[in-house]
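Asks: Quick one, what's the 3D model for this:
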Amino acid sequence: MSIFKTAIFGYLFCAASIAWAQEPVETTNSAAEPVASTLQTRQAAGVSEMLNYALNLIGVNYKYGGAQPTTGFDCSGYVSHVFRQVAGLSLPHNALAISRQGKQISMKELQPGDLVFFNTLRRSFSHVGIYIGNNRFVHAPSSGGGVEVVSLQDSYWVKHFNGARRILTFQPPAGLASE
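Replies: Predicted coordinates for the structure are as follows:
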């Protein structure tokens, strides 16, 4: 891993860990708190693993229809590949179809690992990326070379933002959910 990638990952890992640690976990009794806390820690580790994997693909070339690091990625191929490799989830290889997965969330609710969608081809939900924290996301752009990290606050992305979805969620086992 290059020094640049290592620095980005270290910074983002710390930010993601802080964000997940600050999210409250509700339980039915104090005896369940250690279990719920452990589950939350495991999920944070899973998100960190996903971000690490996603960031290790920075620089992989763009290829329309691509879904492999050896041949290149388009945006949905990149997102599908990351979720399949790290979380074992099979997402469609189409940004619009992916936008129908998971739970719709607002920009204020974004957490590392959430998906962000954009209108880049004069149609809604034509581009997708993975939110990594601190108003940044990683994606496979159709122009500019390869997988990269960019700011959600860039005027282009602000203008073209369509929404966000949460695919991975914290689900406590039966008996731990608050009633």
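
Asks: quick one: what helix or strand has the closest residue in space to residue 115 that isn't next to it in sequence in it?
Replies: If the residues on either side of it in the chain are set aside, residue 115 comes closest to residue 165, at 4.9 Å by CB to CB, 6 or more residues apart in numbering. Backbone N, C-alpha and C define where each C-beta goes, glycine included. Counting by DSSP states H and E, the element that carries residue 165 is strand 161-166.

Asks: Sheet-wise, list the partners of that strand with their directions.
Replies: strand 103-105 (antiparallel), strand 115-118 (antiparallel) (DSSP bridges).

Asks: buried ones in it?
Replies: 162, 163, 164, 165, 166 (16 or more other CB atoms under 10 Å).

Asks: pLDDT for those residues - can I get that in a markdown table?
Replies: Putting these into a markdown table (pLDDT from 0 to 100) gives the following:
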| residue | pLDDT |
| --- | --- |
| 162 | 97 |
| 163 | 97 |
| 164 | 98 |
| 165 | 98 |
| 166 | 96 |
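
Asks: quick check, nearest of these to residue 73?
Replies: residue 165 (19.1 Å; CB to CB).

Asks: Point out where this structure drops to low pLDDT.
Replies: 1-45, 169-179 (pLDDT under 70).

Asks: which residues of it fall in strands?
Replies: 67-68, 72-73, 103-105, 115-118, 127-133, 136-139, 148-151, 161-166 (DSSP state E).

Asks: what residues does the first one touch?
Replies: Right, the one you point to is strand 67-68. The contact list for strand 67-68, computed with CB atoms under 8 Å, 6 or more residues apart in numbering, reads 73, 74, 77, 78, 80, 81, 93.

Asks: Count the residues that sit near the fifth one.
Replies: Okay, so that is residue 80. 22 (other CB atoms under 10 Å).

Asks: Now do the closest residue to it other than its chain neighbours: how many residues are near it, please.
Replies: Leaving aside its sequence neighbours, residue 80 sits nearest to residue 91 (CB to CB, 6+ apart; 4.5 Å). A total of 21 residues lie near residue 91 under the criterion other CB under 10 Å.

Asks: Contacts only, for residue 91.
Replies: Applying CB under 8 Å, 6+ apart to residue 91 gives the contacts 76, 79, 80, 83, 84, 98, 101, 167.

Asks: any idea how far residue 159 is from it?
Replies: Separation of residue 91 from residue 159 (CB to CB, to the nearest Å): 26 Å.
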